[in-house]
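Have a look at this prediction, sequence included:
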Amino acid sequence: MTDQTPGNVLFITADQWRGDTLGSVGHPCVQTPVLDQLAAEGVLFT
């Protein structure tokens, strides 16, 4: 048997943001580099 470490799950929710107010989904003016990196390295649910 091999050791398998379970993956981490991170859900970010915000009730005052629209779905298109992140750089990772193409907003031209809003800069969210850390959230963009998280989205690039994981799975993005929109």
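Sure, I can see it.

okay, CA-based contacts and neighbour counts for the rest of this
Will do.

Could you say which helix or strand holds the residue nearest in space to the middle of the chain?
Nearest to the mean C-alpha position of the chain, by Cα atoms, centre = their mean, lies Ala39 at 3.4 Å. Assigned by DSSP states H and E, Ala39 belongs to helix 33-41.

Dump that helix to PDB, restricted to CA.
C-alpha atoms of helix 33-41 as PDB (Å, rounded to 0.1, in the frame of the first residue of the first chain):
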ATOM      1  CA  PRO A  33      -3.000  38.100  -7.600                       C
ATOM      2  CA  VAL A  34      -3.300  35.700  -4.700                       C
ATOM      3  CA  LEU A  35      -6.800  34.600  -5.500                       C
ATOM      4  CA  ASP A  36      -5.800  34.300  -9.100                       C
ATOM      5  CA  GLN A  37      -2.900  31.900  -8.100                       C
ATOM      6  CA  LEU A  38      -5.300  29.800  -6.000                       C
ATOM      7  CA  ALA A  39      -7.700  29.600  -8.900                       C
ATOM      8  CA  ALA A  40      -4.900  28.600 -11.300                       C
ATOM      9  CA  GLU A  41      -3.600  25.800  -9.100                       C
END
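
Can you give the distance from that helix to the centre of its chain?
Centroid displacement of helix 33-41 relative to its chain, using Cα atoms, centre = their mean, to the nearest Å, is 6 Å.

ok, now stretch 25-43?
7 Å.

do stretch 23-30 as well
13 Å.

Stretch 33-45 too?
On Cα atoms, centre = their mean, the centre of stretch 33-45 falls 4 Å from that of its chain.

and the closest residue to Ala39 other than its chain neighbours, helix, strand or coil?
Distances taken as Cα to Cα, 6 or more residues apart in numbering place Ser24 nearest to Ala39, at 6.7 Å, with adjacent residues excluded. Applying DSSP: H, G, I helix; E, B strand; the rest coil to Ser24 yields a three-state assignment of helix.

Report the contact partners of Ser24.
By Cα atoms under 8 Å, 6 or more residues apart in numbering, the contact set of Ser24 is Thr32, Leu35, Asp36, Ala39, Ala40.

Give me the average confidence score over the helix holding Ala39.
If you average the pLDDT over helix 33-41, you get 83.

Perfect, I'm done here.
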